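In: Quick one, structure for this:
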Amino acid sequence: MELKQVEKISKALSDVNRLKILQYMQKNQGKVECTKACNLLDLSQPSISHHIKRLVEAELINQHKIGRNYHYSLNHEVWDNYLLRLRNL
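Out: Below is the predicted model:
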(Lines give C-alpha, C1' and ligand atoms only; values in the text may rest on other atoms or scores of the structure.)
Protein backbone atom coordinates (compact mmCIF):
# COMPACT_ATOMS: atom_id res chain seq x y z
CA MET A 1 0.00 0.00 0.00
CA GLU A 2 1.33 3.40 -1.02
CA LEU A 3 1.77 6.18 1.54
CA LYS A 4 -0.79 8.30 -0.33
CA GLN A 5 -3.41 5.60 0.31
CA VAL A 6 -2.38 5.45 3.99
CA GLU A 7 -2.84 9.22 4.21
CA LYS A 8 -6.29 9.06 2.56
CA ILE A 9 -7.46 6.32 4.94
CA SER A 10 -6.03 8.15 7.96
CA LYS A 11 -7.92 11.30 7.01
CA ALA A 12 -11.13 9.29 6.61
CA LEU A 13 -10.60 7.85 10.09
CA SER A 14 -10.05 11.27 11.66
CA ASP A 15 -13.76 11.72 12.46
CA VAL A 16 -15.41 10.06 15.45
CA ASN A 17 -18.64 9.40 13.52
CA ARG A 18 -16.77 7.44 10.86
CA LEU A 19 -15.01 5.46 13.56
CA LYS A 20 -18.40 4.66 15.11
CA ILE A 21 -19.68 3.45 11.73
CA LEU A 22 -16.67 1.14 11.34
CA GLN A 23 -17.01 -0.04 14.94
CA TYR A 24 -20.67 -0.89 14.33
CA MET A 25 -19.73 -2.72 11.14
CA GLN A 26 -17.15 -4.81 12.99
CA LYS A 27 -19.84 -5.90 15.46
CA ASN A 28 -22.38 -6.53 12.69
CA GLN A 29 -20.47 -8.99 10.49
CA GLY A 30 -18.84 -6.12 8.57
CA LYS A 31 -22.12 -4.73 7.21
CA VAL A 32 -24.39 -1.74 7.69
CA GLU A 33 -27.38 -0.11 6.00
CA CYS A 34 -27.64 3.67 5.81
CA THR A 35 -30.85 3.71 7.87
CA LYS A 36 -29.17 1.72 10.67
CA ALA A 37 -26.28 4.18 10.70
CA CYS A 38 -28.75 7.09 11.04
CA ASN A 39 -30.27 5.47 14.12
CA LEU A 40 -26.89 4.55 15.55
CA LEU A 41 -25.37 8.03 15.32
CA ASP A 42 -28.51 10.13 15.70
CA LEU A 43 -27.49 12.16 12.65
CA SER A 44 -29.47 13.19 9.59
CA GLN A 45 -29.39 11.05 6.47
CA PRO A 46 -27.33 13.63 4.52
CA SER A 47 -24.71 13.68 7.30
CA ILE A 48 -24.51 9.89 7.34
CA SER A 49 -24.21 9.85 3.56
CA HIS A 50 -21.29 12.29 3.77
CA HIS A 51 -19.45 10.12 6.31
CA ILE A 52 -20.11 6.93 4.37
CA LYS A 53 -18.96 8.61 1.14
CA ARG A 54 -15.63 9.45 2.77
CA LEU A 55 -15.20 5.82 3.88
CA VAL A 56 -16.09 4.57 0.38
CA GLU A 57 -13.62 7.03 -1.21
CA ALA A 58 -10.91 5.73 1.13
CA GLU A 59 -11.90 2.21 -0.02
CA LEU A 60 -12.49 1.12 3.59
CA ILE A 61 -16.03 0.07 2.79
CA ASN A 62 -17.73 -1.23 -0.34
CA GLN A 63 -21.10 0.01 -1.57
CA HIS A 64 -23.81 -2.29 -2.95
CA LYS A 65 -27.17 -1.16 -4.27
CA ILE A 66 -30.05 -3.54 -3.63
CA GLY A 67 -33.29 -2.18 -5.02
CA ARG A 68 -33.58 1.41 -3.83
CA ASN A 69 -31.31 0.97 -0.83
CA TYR A 70 -27.55 0.99 -0.43
CA HIS A 71 -25.80 -1.57 1.72
CA TYR A 72 -22.20 -1.25 2.83
CA SER A 73 -19.63 -3.85 3.74
CA LEU A 74 -16.21 -3.57 5.29
CA ASN A 75 -13.31 -3.98 2.85
CA HIS A 76 -11.23 -6.36 4.96
CA GLU A 77 -8.36 -6.47 2.47
CA VAL A 78 -7.79 -2.70 2.53
CA TRP A 79 -8.28 -2.54 6.31
CA ASP A 80 -5.73 -5.32 6.91
CA ASN A 81 -3.22 -3.77 4.49
CA TYR A 82 -3.63 -0.39 6.18
CA LEU A 83 -2.94 -1.84 9.62
CA LEU A 84 0.06 -3.76 8.31
CA ARG A 85 1.45 -0.64 6.65
CA LEU A 86 1.07 1.33 9.90
CA ARG A 87 2.94 -1.35 11.84
CA ASN A 88 5.81 -1.17 9.36
CA LEU A 89 6.26 2.61 9.38
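In: How is residue 38 assigned, secondary-structure-wise?
Out: helix (DSSP: H, G, I helix; E, B strand; the rest coil).
In: What count of nearby residues applies to it?
Out: By other CB atoms under 10 Å, the residues close to residue 38 number 16. For glycine as for every other residue, the C-beta is placed from the backbone atoms N, C-alpha and C.
In: who's in contact with it?
Out: Contacts for residue 38 (CB atoms under 8 Å, 6 or more residues apart in numbering) come out as 44, 45, 48.
In: Could you give the separation of the helix or strand of the chain with the lowest mean pLDDT from the chain centroid?
Out: Least confident helix or strand of the chain, by mean pLDDT, DSSP states H and E, is helix 34-41 with a mean of 73. On the basis of CA atoms, centre = their mean, to the nearest Å, helix 34-41 is displaced by 13 Å from the centre of the chain it belongs to.
In: what's next to the helix or strand containing residue 53, contact-wise?
Out: Secondary structure from DSSP states H and E places residue 53 in helix 45-57. Residues from elsewhere that reach helix 45-57, judged by CB under 8 Å, 6+ apart: 8, 12, 15, 17-18, 21-22, 34, 37-38, 41, 43, 61-63, 72.
In: Return a ChimeraX selection command for the buried portion of these.
Out: In ChimeraX, a selection of the buried entries from the contacts of helix 45-57 looks like this (16 or more other CB atoms under 10 Å):
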select :8,12,17,18,21,22,37,38,41,43,61,62,72
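In: In helices, which of the contacts of helix 45-57 appear?
Out: 8, 12, 17, 18, 21, 22, 34, 37, 38, 41 (DSSP state H).
In: Between all of those residues, which two are separated the most?
Out: Pairwise distances across the ones in helices among the contacts of helix 45-57 (CB to CB) peak at 25.1 Å, for the pair 8 and 38.
In: just to revisit the earlier point, in CSV: the ones in helices among the contacts of helix 45-57, plus distance to residue 81.
Out: Below are the ones in helices among the contacts of helix 45-57 laid out as CSV (distance: CB to CB, whole Å):
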residue, distance to residue 81
8, 13
12, 14
17, 23
18, 18
21, 20
22, 15
34, 26
37, 24
38, 30
41, 27
